[in-house]
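J.: only geometry, no sequence info:
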């Protein structure tokens with residue numbers, strides 16, 4: 001039915017952790033016939049299985065699904081309360097001076113381009129956004145960072161890093177010049193780790209997704225190995 005496939009990172013009777021490929025929507029969008037992860041997973045596991053959260057279409061990595069209504073409600077509550085630990089790997093333009101940074105902005109969703117923009121504060125209709133990142137590797141004109149989300153707004157990582165002067169490599173939606181990047185045709189962003197508290201037994205469960213091949217190729221390029 002679909003040309004896309006996914007990998008299962010974790011499975012029990014209540015939860016599924018799925019590794020989403022680039023180009024696949026997390027959930028259906030009204031009026032669009034594009035393939036989406038929710039329909040793929042439901043085709044294999046049944047219609048009761050639903051995603052607890054989502055990631056951008058061209059972002060790769062972990063999406064958590066609940067396999068029943070009760071678990072879905074409990075996990076959505078956990079995400080709304082910002083309890084899960086969500087980590088992303090990103091390749092950015094420029095080299096940050098500091099090893100660690102926390103970014104805070106107010107983001108406002110606009111219809112033009114279906115994107116978020118940075119605004120002055122909440123009085124401008126903005127929602128508070130905060131993330132922290134650690135530099136994992138420095139290259140000549142780029143860097144690999146690991147990002148931790150404190151809030152979870154649409155395109156948040158992409159918007160905040162662009163606003164800080166370090167757009168994501170390949171992110172033509174927020175930096176038009178990135179359309180000229182030949183080694184990747186999407187934003188270089190990967191949902192690499194997710195930790196949750198399992199609602200039924202209270203234990204912390206962590207999932208990890210391998211770095212996709214297109215981002216590995218970029219890193220080899222920045223290291224001067226291809």
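T.: Looks like it came in fine. Here the structure is a predicted model, which is why all the values come from computation and not from measurement. Numbering: from 1, shown residues only.
J.: in the chain, which helix is the longest?
T.: Taking DSSP state H as the criterion, the chain has its longest helix at helix 69-80.
J.: what's near enough to touch residue 103?
T.: Counting by Cβ atoms under 8 Å, 6 or more residues apart in numbering, residue 103 touches 129-133, 160-161, 163-164. Where you see a C-beta, it was placed from the backbone N, CA and C, and this is true even at glycine.
J.: just residue 186 next, same as before
T.: The contact partners of residue 186, taken as Cβ under 8 Å, 6+ apart, are 22-23, 58-59, 170-171, 214.
J.: narrow the contacts of residue 103 to those in strands?
T.: Secondary structure assignment by DSSP state E places 129-133 of the contacts of residue 103 in strands.
J.: next, format those residues as JSON lines and append neighbour count, distance to residue 79 and pLDDT.
T.: Converted to JSON lines, those look like this (neighbours: other Cβ atoms under 10 Å; distance: Cβ to Cβ, whole Å; pLDDT from 0 to 100):
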{"residue": "129", "neighbour count": "24", "distance to residue 79": "15", "pLDDT": "90"}
{"residue": "130", "neighbour count": "16", "distance to residue 79": "16", "pLDDT": "93"}
{"residue": "131", "neighbour count": "23", "distance to residue 79": "16", "pLDDT": "95"}
{"residue": "132", "neighbour count": "15", "distance to residue 79": "18", "pLDDT": "96"}
{"residue": "133", "neighbour count": "27", "distance to residue 79": "20", "pLDDT": "97"}
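J.: quick one on the thing from earlier: against which helices or strands is the longest helix of the chain packed?
T.: strand 60-66, strand 189-197 (3 or more Cβ pairs under 8 Å, 6 or more residues apart in numbering; DSSP states H and E).
J.: quick one, which of these is packed in tightest?
T.: strand 60-66 (a mean of 25; mean count of other Cβ atoms under 10 Å).
J.: name the helices or strands packed onto it?
T.: Checking 3+ Cβ pairs under 8 Å, 6+ apart, strand 60-66 ends up next to strand 15-20, helix 37-45, strand 50-51, helix 69-80, strand 189-197, strand 204-208.
J.: pull out the buried residues from the helix or strand that comes right after the longest one.
T.: When you say that, I think you mean helix 69-80. Next helix or strand after helix 69-80 toward the C-terminus (DSSP states H and E): strand 85-93. By 16 or more other Cβ atoms under 10 Å, the buried positions in strand 85-93 come out as 86-93.
J.: so, low pLDDT: which residues of the protein?
T.: 1-2, 111-115, 122, 226 (pLDDT under 70).
J.: stretch 187-204: end-to-end distance?
T.: End-to-end distance for stretch 187-204: 30 Å, by Cα to Cα, to the nearest Å.
J.: got it, and stretch 23-33?
T.: 13 Å.
J.: returning to what we had before: which of the helices and strands packed on strand 60-66 is buried the deepest?
T.: Most buried among the helices and strands packed on strand 60-66, counting by mean count of other Cβ under 10 Å: strand 15-20, with a mean of 23.
J.: tell me the angle that one makes with strand 189-197.
T.: With axes from the mean of the first three to the mean of the last three Cα atoms, to 10 degrees defining the directions, strand 15-20 sits at 170 degrees from strand 189-197.
J.: for strand 15-20, what is the distance to the chain centroid?
T.: Relative to its chain's centre, strand 15-20 lies at 13 Å (Cα atoms, centre = their mean, to the nearest Å).
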